[in-house]
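**Q** need coordinates for the below:
(one chain, ligands or ions: 2)
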Amino acid sequence: MARSRRASCIRVTSDECRRIFDEADEDKDGMLSILEFVNALKAMPEAGQLDDEEATEVFVDVDADEDGLVSWEEFQAVFDEDDEDETRPVSPTEAAAINAAAFESDDD
Ligand SMILES: [Ca+2]
Ligand SMILES: [Ca+2]
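**A** Ligands and ions are numbered 1, 2, ... in the order given. The predicted model follows:
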């Protein structure tokens, strides 16, 4: 499965991440089933607008070993990439605007 859709846009701290995982793990088996995972996703403010299909895509992407369950390690890995990155990448739209502004001032 191609990693076309990442959940890394969802930004939470490790503590929040752990709390979300624990709360989502309703049967306390240390793993999130797809139902538990989707519920957890929807509990996150920034992911609340995901529909079931999109949430399922995220689950499949997060479930690295494809056993149908998301372990804490798999869950945590989603958020690790962004943890130390405090700088926000410039969006293509912003980059285009910056370039346009540069050209305009150059034209004087
Ligand atoms: Ca569980
Ligand atoms: Ca798994």
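**Q** and the lengthiest helix in the chain, what's its mean pLDDT?
**A** Scanning the chain for the longest helix, with DSSP state H as the assignment, gives helix 92-106. When pLDDT is averaged over helix 92-106, the result is 74.
**Q** who are the packing partners of that helix?
**A** Using 3 or more CB pairs under 8 Å, 6 or more residues apart in numbering; DSSP states H and E as the contact criterion, no helix or strand is in contact with helix 92-106. Yep, even glycine has a C-beta here, placed from its N, CA and C like the rest.
**Q** C-alpha coordinates for it, CSV please?
**A** What follows is helix 92-106, C-alpha atoms only, in CSV (Å, rounded to 0.1, in the frame of the first residue of the first chain):
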residue,chain,number,x,y,z
PRO,A,92,2.6,26.0,-2.5
THR,A,93,0.1,28.8,-2.5
GLU,A,94,2.2,30.9,-0.1
ALA,A,95,5.4,30.1,-2.0
ALA,A,96,3.7,31.3,-5.2
ALA,A,97,2.6,34.5,-3.5
ILE,A,98,6.1,35.1,-2.2
ASN,A,99,7.6,34.6,-5.7
ALA,A,100,5.0,36.9,-7.2
ALA,A,101,5.8,39.6,-4.7
ALA,A,102,9.5,39.2,-5.4
PHE,A,103,8.9,39.6,-9.1
GLU,A,104,6.7,42.6,-8.6
SER,A,105,9.2,44.5,-6.5
ASP,A,106,11.9,43.6,-9.0
